[in-house]
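Peer 1: Sharing a model prediction with you, sequence too.
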Number of protein chains: 4
Amino acid sequence: MTALDPTTEAAEAPGTAEHHHGYISDKTRYLARLKRIEGQARGLHRMVDEEKYCIDILTQISALKSALDGVAMGLLEDHLQHCVLDAARTDGEAAEAKLKEASAAIARLVRS
Amino acid sequence: MTALDPTTEAAEAPGTAEHHHGYISDKTRYLARLKRIEGQARGLHRMVDEEKYCIDILTQISALKSALDGVAMGLLEDHLQHCVLDAARTDGEAAEAKLKEASAAIARLVRS
Amino acid sequence: MTALDPTTEAAEAPGTAEHHHGYISDKTRYLARLKRIEGQARGLHRMVDEEKYCIDILTQISALKSALDGVAMGLLEDHLQHCVLDAARTDGEAAEAKLKEASAAIARLVRS
Amino acid sequence: MTALDPTTEAAEAPGTAEHHHGYISDKTRYLARLKRIEGQARGLHRMVDEEKYCIDILTQISALKSALDGVAMGLLEDHLQHCVLDAARTDGEAAEAKLKEASAAIARLVRS
């Protein structure tokens, strides 16, 4: 699994940094949060398997959804701050297209 | 992991069936859905690790939230159909308490 | 407008009480909350008309959605406590049908 | 009510157009949508007053929340396309501040 391979990041030439998507600086933190989220999902499976009380499972599902929202909001802000603002500085049409795309993603999040 | 242990369920005395929480009949299906959800969570981790495009990650997060809502709605309906209706038939006060508890869980879901 | 007509309720024969939907006891409070919600909706219209700052309008929309969730949760709990539990005591099949219906309404709320 | 006063807009000096918030071009359409939303809110009040079936009221609340999300998404996209992109072209720091502000508004919407 890539998470076990610390050479992945080091192997990238420094010059490619500009091509990275915006969240690179916080990558380690995002990966840790997503590891926890994966653990929460595994915990849900175990709760059903052990036939825990239904309401307690629902509470964990709400917590997991909130954790996902937290990650989504972080990624979205990073994306807007980097990818969209960069585009705005250099190419107005590309920036508008990127904002349309981001708005659609936001609408999906609001409804999910 | 319990999922690898098919004896767990068999080991329970048949007489304990009444103590099971309501979702027991669909347990296998819930476990399969939660396995998929766990896989989706792992997929999110991999997408960030591989620095996939942010918008694609957000789309996956929305899909994961919807999958969780689906499980939550199923568990909730099972809980209301079994646990709450059973209580209503035998003990009005217990049923009211269970509904208060379920309502609080619903409110958390609506807000998460 | 019916709200100006205090005779409406009095005109109902006492014996029809059983036909009332569950929220009757809190009706005055619900009506007051919905009046406020209507005022919030009117306020949104005015904010756009006066071209207020977009972010402030979004904040008001979030507040309005939360107020609606509050009313919905109250109505839902009342409905489950009265209508569904009543059915459970007298007619198991009717209770199951009512729970299916309530579950569908909850799913719509969770996704809206 | 301002909506009945067509002079409001005319009274603004043409030169101030650039200061308008981004949704100005669609203002008439937003106002019409918000009038409908206000009517939906009034309809909710009437439904409770007339003691309509609880589930039908919940369905209307879900519809109203979806209508509000629709307006919010439109306003948000307009805001990002105009206000934020304009800032990005002229003042990077202002653009970043505006994006932080917009991200907070999005998070409130996702959670409401």
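Peer 2: Yes, it's here. Everything numeric in this text was worked out from a predicted model, so none of it was measured. Residues are numbered from 1 along each chain as shown, chains lettered A, B, ... in the order given.

Peer 1: Just the element for A:S103, please.
Peer 2: helix A:92-111 (DSSP states H and E).

Peer 1: nope, A:E51 is what I was after
Peer 2: Counting by DSSP H and E, no helix or strand carries A:E51.

Peer 1: phi, psi of it?
Peer 2: phi 50, psi 50 (degrees, to the nearest 10).

Peer 1: Is stretch A:64-79 positioned near chain B?
Peer 2: Yes. Counting by CB under 8 Å from any CB of the partner chain, chain B is contacted by stretch A:64-79 at A:L64, A:K65, A:S66, A:L68, A:D69, A:V71, A:A72, A:L75, A:L76, A:D78, A:H79. Glycine gets a C-beta too; all of them are placed from N, C-alpha and C.

Peer 1: Make TSV out of these and add distance to C:R46 and neighbour count.
Peer 2: Below are the residues of stretch A:64-79 next to chain B laid out as TSV (distance: CB to CB, whole Å; neighbours: other CB atoms under 10 Å in any protein chain shown):
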residue	distance to C:R46	neighbour count
A:L64	39	24
A:K65	34	24
A:S66	33	15
A:L68	36	26
A:D69	31	18
A:V71	37	21
A:A72	32	27
A:L75	35	23
A:L76	30	27
A:D78	35	20
A:H79	33	25
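
Peer 1: can you list the residues you listed in CSV and add pLDDT and secondary structure?
Peer 2: Converted to CSV, the residues of stretch A:64-79 next to chain B look like this (pLDDT from 0 to 100; DSSP: H, G, I helix; E, B strand; the rest coil):
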residue, pLDDT, secondary structure
A:L64, 97, helix
A:K65, 96, helix
A:S66, 96, helix
A:L68, 97, helix
A:D69, 96, helix
A:V71, 96, helix
A:A72, 96, helix
A:L75, 95, helix
A:L76, 95, helix
A:D78, 92, helix
A:H79, 93, helix
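
Peer 1: Can you get me a residue count around A:A102?
Peer 2: 22 (other CB atoms under 10 Å in any protein chain shown).

Peer 1: thinking again about what came up before, for the helix holding A:S103, buried residues please.
Peer 2: A:95-96, A:98-99, A:101-103, A:105-110 (16 or more other CB atoms under 10 Å in any protein chain shown).

Peer 1: With stretch A:81-91 instead?
Peer 2: For stretch A:81-91, burial by neighbour count (16+ other CB under 10 Å) applies to A:Q81, A:H82, A:C83, A:V84, A:L85, A:D86, A:A87, A:A88.

Peer 1: Show the contacting residues for the closest residue to the fourth one other than its chain neighbours.
Peer 2: Using CB to CB, 6 or more residues apart in numbering or on different chains and skipping residues adjacent in sequence, the residue nearest A:V84 is A:K98, 4.9 Å away. When contacts are counted by CB atoms under 8 Å, 6 or more residues apart in numbering or on different chains, A:K98 is found next to A:C83, A:V84, A:A87.

Peer 1: before we move on, what about A:A104?
Peer 2: By CB under 8 Å, 6+ apart, the contact list for A:A104 is empty.

Peer 1: could you give me the average pLDDT of the helix holding A:S103?
Peer 2: On average, the pLDDT along helix A:92-111 is 92.

Peer 1: now it against helix C:92-111, angle please.
Peer 2: Helix A:92-111 and helix C:92-111 are oriented at 150 degrees to each other (axes from the mean of the first three to the mean of the last three CA atoms, to 10 degrees).

Peer 1: First-to-last residue distance for stretch A:42-62?
Peer 2: Stretch A:42-62 has its terminal residues 15 Å apart, counting by CA to CA, to the nearest Å.

Peer 1: Report the distance from it to the chain centre.
Peer 2: Here the centre of stretch A:42-62 is set off from its chain's centre by 23 Å, with CA atoms, centre = their mean, to the nearest Å.

Peer 1: That one close to chain B?
Peer 2: Yes. Judged by CB under 8 Å from any CB, stretch A:42-62 comes into contact with chain B through A:42, A:44-46, A:48-55, A:57-59, A:61-62.

Peer 1: quick one: A:S112 and chain B, what's the gap?
Peer 2: 4 Å (CB to the nearest CB, to the nearest Å).

Peer 1: again, but for A:E38
Peer 2: Going from A:E38 to chain B by CB to the nearest CB gives 4 Å.

Peer 1: Would you enumerate the residues in contact with that residue?
Peer 2: Per CB under 8 Å, 6+ apart, neighbours of A:E38: B:E38, B:A41, B:R42, B:L44, B:H45.

Peer 1: secondary structure element for it?
Peer 2: Under the criterion of DSSP H and E, A:E38 resides in helix A:27-49.

Peer 1: tilt between that helix and helix B:27-49?
Peer 2: 180 degrees.

Peer 1: Mind listing what's buried along helix A:27-49?
Peer 2: For helix A:27-49, a neighbour-count test (16+ other CB under 10 Å) marks A:30-31, A:33-34, A:37-38, A:40-45, A:47-49 as buried.
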